[in-house]
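Q: sequence unknown, structure follows:
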């Protein structure tokens, strides 16, 4: 058996996770066995799972990306994490949001913290022996150094060759997430998974993948050279034929050339007219805008001057309150009736003081100056208005002319294109004959031969790489043959505990060009299901999970068993199958593997069966409905409480 | 307060005094609104008028700048208010005469004259009804809501109506009494028809 040691999580901390708006600081202890995060739709269960994988690897799997190789998987997935968390973390929390994971492996305790939007690496990495000895403390190092040291330490302890291999296993094999990507029917990914979980030489796993990718690239290039060479071969045929038999008479050629020249000139001329009109249109628009701006400025000045005019010519004696008070002898503001009222007002007015507030009055004067200024502005307004009208008329005229010019251009271009289409062969013939024909043939022949040579080289390279890849695949196949006695029963136990019908899994070794190497095929009730469509949705999902769990079981040491991650596994299962899934999961954890899952709080039998078989010693149910505000529909919390109580009861039945 | 509104108030008061003697504030607003509408005959953009209007719950056009203009003219002694009716004072006549010499205001005379002179062939009630038959105004009355006037839809209808009238009476005209009266009559009849259907 392969001896890989896998991390066993003990704690997960999420900080400034705005998605969990009621509790953005999450601190959860993970015990051995089953950890189930139970919640409602849209609360962020998948995000929790993705965050853990992100914390461990720095990656969130991109559901749209097809698997090509382990190295490409790692490189191309790197940027997706930031895209995933954008929207789940608010802008103000962006620099602060982080994921903290505590885990143990081979007795060593790791404590890591990763910033959600950090590109370089870890914010914290502390490795100890679980007692007092610090093996590594990255406190005074850069994020890049911390990340690099973490990777090296971890890989060495797990037993793999590269961190990319760990990331691949963690995200693509030991996690069944909401993208529902199927490993069993992904030849390339499955092949790598077999290498890493069943093969023993991890350097060879990377090598095999490189050979496969290199051979694919070489084949692609060879096809490209071949296609280009065949294009040139086709051109050569035309050229050689032209040498033998001239297709058109000199009169035909001369006639066409004359008409074509006229049509081309017509297009050029009309294009020039369009260009000129466009420039004129721009100018007229600019002029009109400039005058509009001038108009606005003069109008603003006009208003200012008019205010001055009103102020200068205001006569307080004429104000209805003053006038009325003087005429009637009683104050029109407070109603006082005595002879002093008009006297006081008259006195104030004679002293040139405002009778209301006492301010010094500016005596009214004929507003000649203000009027003169207004008249001057009037003239400016008139002139600008006229200029604007002119500019507008010009703009309108040019717009019509531009439209016409564009129409003419379109028409003449159309005519030229029609002419060329009707005389396509003649044009081709002329193009070929327009240069030194012999020279053209020699150049093309040379280029074609060069491409053919490159094609042949690339095909050879492809074949060499395939040969090397096949050799390594044969070694893997041999490893599988040795392993299957242990591996297949593990898988069958898990799979049959779910599906309840006779099935088997076989290794298949293919040497064909398209599917070279080892793969697995599933046989259900005597029929091989090569296409996933040949199973129902639930069957393919859970058999895929069974395969992954079997790989995890086979690959783990007895002390550091793998943790399997599954996101909301319930779906379109009937009640009996739900229970069987619970049983399958319980079976997986029985030898000591861990299961970290999320689930909706509903009456699914999965959790009940799990709770009954695992008991409180081996299962923790964590209710996340308090992390986020529920919708009005979800706020019928009694439903959730009832279901949780039912599951809790199952613990007591264990 | 914009200068044009100040002038319009004093001009409308002068002209209405000829036809109906003292005029009320709603009447000044009404004829200012009609004058603004008449600029559409010359295809002038409505924004060139200088200020806008809303319609109140009871269907009366109201211009804030006009209201300011009325108050300022009163405080300057150009208008005298008695029992809610405004008449022009001697000072007002003088100020109107002075301001009428300014080219910026001379341009507006055509529309103000056209608006107020519609009282020559038509009674005031007819003019009021004609203006109130506008869709936006009818809607405001029905829903008891204040609304903006000169929406795209109502302007589009007015442009069409004015164009049809001009087709009948001939091209651009310097005197707007005739097209104004025709339009108001047509609108009044249409309004009566719509009222009967309601």
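A: Alright, I've got the coordinates. Computed from a prediction, not measured in an experiment: that's the story for all the values here. Numbering: from 1, shown residues only, chains lettered A, B, ... in the order given.
Q: whichever residue of chain A sits closest to chain B: what's it in contact with?
A: Nearest to chain B, among the residues of chain A, is residue A:318, at 2.7 Å (CB to the nearest CB). For every residue, glycine as well, the C-beta is placed using N, CA and C. By CB atoms under 8 Å, 6 or more residues apart in numbering or on different chains, the residues touching residue A:318 are B:76, B:77, B:91.
Q: any regions of chain A where pLDDT drops low?
A: Filtered on pLDDT under 70, chain A yields the residue ranges A:1-2, A:242-243, A:245-246, A:432-437, A:513-515, A:571-572, A:603, A:633-638, A:654.
Q: around chain B, pick out the residues from it.
A: A:302-303, A:306, A:310, A:313-315, A:317-320, A:323, A:371, A:374-375, A:377-379, A:381-382 (CB under 8 Å from any CB of the partner chain).
Q: which ones among those residues map onto strands?
A: Of the residues of chain A next to chain B, none are assigned to strands by DSSP state E.
Q: buried members of the residues you listed into ChimeraX, please.
A: In ChimeraX, a selection of the buried entries from the residues of chain A next to chain B looks like this (16 or more other CB atoms under 10 Å in any protein chain shown):
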select /A:302,306,310,313,314,318,319,371,374,377,378,381
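Q: in chain B, which residue sits nearest chain A?
A: Counting by CB to the nearest CB, chain B gets nearest chain A through residue B:77, at 2.7 Å.
Q: let me see the ranges of the helices in chain B.
A: With helices called from DSSP state H, chain B shows them at B:3-20, B:25-38, B:64-75, B:90-99, B:103-116, B:124-132, B:135-143, B:152-169, B:177-197.
Q: now the angle from the first one to helix B:103-116?
A: Between the axis of helix B:3-20 and that of helix B:103-116 there is an angle of 40 degrees, by axes from the mean of the first three to the mean of the last three CA atoms, to 10 degrees.
Q: most neighbours among the contacts of residue A:318, which one?
A: Neighbour counts for those, by other CB atoms under 10 Å in any protein chain shown, peak at residue B:76, which reaches 23 neighbours.
Q: what pLDDT does that residue get?
A: Looking at residue B:76, its pLDDT stands at 91.
Q: surely it and residue B:95 touch.
A: Yes - applying CB atoms under 8 Å, one finds residue B:76 in contact with residue B:95, separated by 7.4 Å.
Q: okay, and the common contacts of the two?
A: residue A:313.
Q: secondary structure class for residue A:61?
A: At residue A:61 the chain is in coil, as set by DSSP: H, G, I helix; E, B strand; the rest coil.
Q: hang on, I meant residue A:472
A: helix.
Q: just to revisit the earlier point, how much space between the residue of chain A closest to chain B and residue B:68?
A: Remark: distance between residue A:318 and residue B:68 (CB to CB, to the nearest Å) = 18 Å.
Q: try residue A:402
A: Using CB to CB, we find residue A:402 at a distance of 45 Å from residue B:68.
Q: about what we covered before: give me the phi and psi angles of the residue of chain B closest to chain A.
A: Per-residue torsions, residue B:77: phi 90, psi 10 (degrees, to the nearest 10).
Q: ok, it - contacts?
A: A:315, A:317, A:318, A:319, A:320, A:323, B:89, B:91, B:92.
Q: which parts of chain B sit against chain A?
A: Going by CB under 8 Å from any CB, the residues of chain B near chain A are B:2-3, B:6, B:72, B:74-77, B:80-81, B:91, B:95, B:98, B:101-104.
Q: out of these, which are buried?
A: B:2-3, B:6, B:72, B:74-77, B:80, B:91, B:95, B:102, B:104.
Q: would TSV of these with distance to residue A:473 be doable?
A: Converted to TSV, these look like this (distance: CB to CB, whole Å):
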residue	distance to residue A:473
B:2	88
B:3	92
B:6	95
B:72	97
B:74	102
B:75	101
B:76	103
B:77	108
B:80	109
B:91	109
B:95	104
B:102	98
B:104	93
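Q: what two of these are the furthest from one another?
A: B:80 and B:104 (26.5 Å; CB to CB).
Q: before we move on, the earlier item: separation between the residue of chain B closest to chain A and residue A:306?
A: Distance of residue B:77 to residue A:306, computed by CB to CB: 18 Å.
Q: is it true that residue B:108 touches residue B:11?
A: Yes - the pair residue B:108 / residue B:11 is scored as a contact, 7.4 Å apart, by CB under 8 Å.
Q: looking at these two now, which is surrounded by more residues?
A: Per other CB under 10 Å, whichever of residue B:108 and residue B:11 has more neighbours is residue B:11, with 24 against 19.
Q: OK, contacts around the more buried one?
A: Taking CB under 8 Å, 6+ apart, we find residue B:11 in contact with B:96, B:100, B:105, B:108, B:109, B:112.
Q: same thing but at 10 Å, please
A: Listed by CB atoms under 10 Å, 6 or more residues apart in numbering or on different chains, the contact set of residue B:11 reads B:4, B:31-32, B:35, B:96, B:99-100, B:105, B:108-109, B:112-113, B:115-116.
Q: can you tell me which of the residues you listed are buried?
A: B:4, B:31, B:32, B:35, B:96, B:99, B:105, B:108, B:112, B:113, B:115, B:116.
Q: columns pLDDT on top of the residues you listed, output as TSV?
A: Below are those laid out as TSV (pLDDT from 0 to 100):
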residue	pLDDT
B:4	95
B:31	95
B:32	96
B:35	94
B:96	94
B:99	93
B:105	93
B:108	93
B:112	95
B:113	92
B:115	92
B:116	93
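Q: ok, so of those residues, who is nearest residue B:21?
A: Proximity to residue B:21 was ranked across the buried ones among the contacts of residue B:11 by CB to CB; first place goes to residue B:116, at 13.0 Å.
Q: the nearest residue to that closest one once chain neighbours are set aside: how many residues sit nearby?
A: Nearest residue to residue B:116, sequence neighbours excluded (CB to CB, 6 or more residues apart in numbering or on different chains): residue B:15, at 3.7 Å. For residue B:15, the tally of surrounding residues (other CB under 10 Å) stands at 22.
Q: I'd guessed residue B:15 sits against residue B:119; true?
A: Yes - between residue B:15 and residue B:119 there is a contact under CB atoms under 10 Å: 8.7 Å.
Q: now the common contact residues for the two.
A: residue B:31.
Q: thinking residue B:107 is in contact with residue A:386, fair?
A: No - with contact defined as CB under 10 Å, residue B:107 does not count as touching residue A:386 (12.0 Å).
Q: those two: who's more crowded?
A: Shown here are residue B:107 and residue A:386; by other CB under 10 Å, residue B:107 has more neighbours (17 against 11).
Q: need the contact list for the more buried one.
A: Residue B:107 neighbours (CB under 10 Å, 6+ apart): A:378, A:381, A:382, A:385, B:4, B:39, B:44, B:48.
Q: okay, these in JSON lines with distance to residue A:196 next?
A: Formatted as JSON lines, these follow (distance: CB to CB, whole Å):
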{"residue": "A:378", "distance to residue A:196": "90"}
{"residue": "A:381", "distance to residue A:196": "85"}
{"residue": "A:382", "distance to residue A:196": "88"}
{"residue": "A:385", "distance to residue A:196": "83"}
{"residue": "B:4", "distance to residue A:196": "85"}
{"residue": "B:39", "distance to residue A:196": "83"}
{"residue": "B:44", "distance to residue A:196": "81"}
{"residue": "B:48", "distance to residue A:196": "79"}
